[in-house]
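Participant: Test case, fold it:
(one chain, ligands or ions: 1)
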Amino acid sequence: MNKKIIVTGGAGYIGSHTVVELVAAGYEPVIIDDFRNSRSWIIDRIAELTGKSPLGYAVDCADEKEVLSVFRNHNDIAGVIHFAAYKAVGESVQKPTMYYQNNIGSLCTVLNAMKETGISNLVFSSSCTVYGQPDKPEVTENTLIQKANSPYGDTKIICERIVESVLASGQNIKGALLRYFNPIGAHPTSKLGELPNGIPNNLVPYITQTAAGLREQLVVNGNDYNTPDGTNIRDYIHVVDLAKAHVKAIEWLERQTKNCCEAFNLGTGKGSSVLEIIHNFEKVNGVKLNYKIGPRRAGDVEQIFANPSKAEKELGWKCQYSVADALKHSWDWEKTL
Ligand code: WQD
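Facilitator: Numbering: from 1, shown residues only. Here you go, the predicted model:
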């Protein structure tokens, strides 16, 4: 009997890619997702890729009663991967209470259900936004957690503290807090990828939609930063590499003999500027992108990239794909939509 893993937000961008990798690693995912940030046909795509239709519950992750009944339906759960949260930095500035209520409420619901059913392994979807604008661009897990630049980032800082507090309260918990850098790309088969709601907040989906003619022109948010070409630097990581890290984190949790709560940076360890991403995209896909330089975007961090050595050493995980691979896969995916 395969070990079951509850995956909240399992039909989402990173969640769906992670479900595919969980099946490949011999786990049986149980998805909790109300599809507010996804489409139901993503479940069919997962079945196409894995040959198995994952168990799924269309449930709001903040609904205590419903979530607890899902947990109680399955008595052989090896762990939980909690993705379900709102994640648009810009939107969080406009709608802060929606972000605090949903992102914090859903985590508390999951933690309470874990306590009620005696599940201790939790992988939490965190973010490099917890570092704010670091003093040095390369960050390790010991880099100071700064005041977040947005309510979204603040919910990630608060949620990490909630997991730590639950551990301190004596609840049996083994937590892995995965701090994603910038997830990009799509599944190499083009059967899964990013499905932004409305106008994309993030750079790469905006690039692919501009290349596809859905957007008139990409505006680069400022080129007067203190970086080699004046544009912001980020650590762009392929979504499949990120998905594989979640499986490694579950396996790491299963090896732990004591309660714990550990953070891991998930990035390539290399920074790319906005203009480098644009030129790389044009080169790898043989397309010309219509873009112009515009004003800075409020809340943007100037530059940040991961030191991923802790995840590489302790999780036995290393990125396999390059940024160029991710930019090719994102364009291949966009062309299927
Ligand atoms: C990257 C760069 C923009 C759009 C994201 C997620 C956040 C977290 C970290 C996971 C910035 C520039 C963008 C555009 C542009 N991920 N840009 N024109 O802000 O680093 O945050 O990754 O938790 O959830 O939001 O990513 O892709 O929005 O921006 O010039 O049309 O691209 O200014 O410099 P960001 P992003």
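Participant: which parts of the chain sit against the ligand?
Facilitator: Residues of the chain found near the ligand (Cβ under 6 Å from any ligand atom) are 87, 89, 127-129, 180, 182, 201-203, 206, 218-221, 232, 234, 274, 297, 300. Where you see a C-beta, it was placed from the backbone N, CA and C, and this is true even at glycine.
Participant: how about a cut-off of 8 Å?
Facilitator: Residues of the chain found near the ligand (Cβ under 8 Å from any ligand atom) are 87-90, 125-129, 152-153, 156, 180-183, 200-204, 206-207, 218-222, 231-232, 234, 274, 277, 294, 296-297, 299-301, 304.
Participant: Which ones among those residues map onto helices?
Facilitator: Using DSSP state H, 89-90, 152-153, 156, 203-204, 206-207, 274, 277 are the members of those that sit in helices.
Participant: Name the residues that touch the lowest-mean-pLDDT helix or strand in the chain?
Facilitator: Across the helices and strands of the chain, mean pLDDT, DSSP states H and E gives its lowest value to helix 89-94, namely a mean of 86. If you take Cβ atoms under 8 Å, 6 or more residues apart in numbering as the criterion, helix 89-94 is touched by 86, 99, 129, 149-153, 155, 201, 297-299.
Participant: Which pair of those residues spans the longest distance?
Facilitator: Maximum pairwise distance among these (Cβ to Cβ): 19.6 Å, between Thr155 and Arg297.
Participant: and the two? which has more neighbours close in?
Facilitator: Ranked by neighbour count (other Cβ atoms under 10 Å), Thr155 and Arg297 place Thr155 first, with 26 against 14.
Participant: Quick check: the more buried one touching Gln101?
Facilitator: No - counting by Cβ atoms under 8 Å, Thr155 sits too far from Gln101 to count as a contact (9.6 Å).
Participant: quick one on the thing from earlier: any of the contacts of helix 89-94 buried? List them.
Facilitator: Those of the contacts of helix 89-94 that meet the buried threshold are 86, 99, 129, 149-153, 155, 201, 299, by 16 or more other Cβ atoms under 10 Å.
Participant: picking up where we left off before, from the contacts of helix 89-94, pick the one nearest the ligand.
Facilitator: Relative to the ligand, the closest of those is Arg297; by Cβ to the nearest ligand atom it sits at 4.4 Å.
Participant: was I right about that closest one contacting Gly222?
Facilitator: Yes - counting by Cβ under 8 Å, Gly222 is a contact partner of Arg297 at 7.0 Å.
Participant: Report the contact partners of Ile158.
Facilitator: Ile158 makes contact with 100, 104, according to Cβ under 8 Å, 6+ apart.
Participant: Quick check: it is in a strand.
Facilitator: No - Ile158 is assigned helix when assessed by DSSP: H, G, I helix; E, B strand; the rest coil, not a strand.
Participant: Please tell me how far it sits from Ser120.
Facilitator: Going from Ile158 to Ser120 by Cβ to Cβ, to the nearest Å gives 21 Å.
Participant: Next: Ile233.
Facilitator: Distance, Ile233 to Ser120, by Cβ to Cβ: 38 Å.
Participant: out of those two, which sits in the more crowded spot?
Facilitator: The neighbour comparison of Ile233 against Ser120 (other Cβ under 10 Å) goes to Ile233, with 22 against 19.
Participant: What's opposite the more buried one in the beta bridge?
Facilitator: Legend: beta-bridge partners of Ile233 under DSSP bridges are Ser273, Gln303.
Participant: Contacts for the strand or helix carrying Ile42 next, please.
Facilitator: Element membership for Ile42, per DSSP states H and E: helix 41-50. Here helix 41-50 makes contact (Cβ under 8 Å, 6+ apart) with 11, 16, 19-20, 23-24, 31, 53-54, 56, 187, 189, 191-192, 195.
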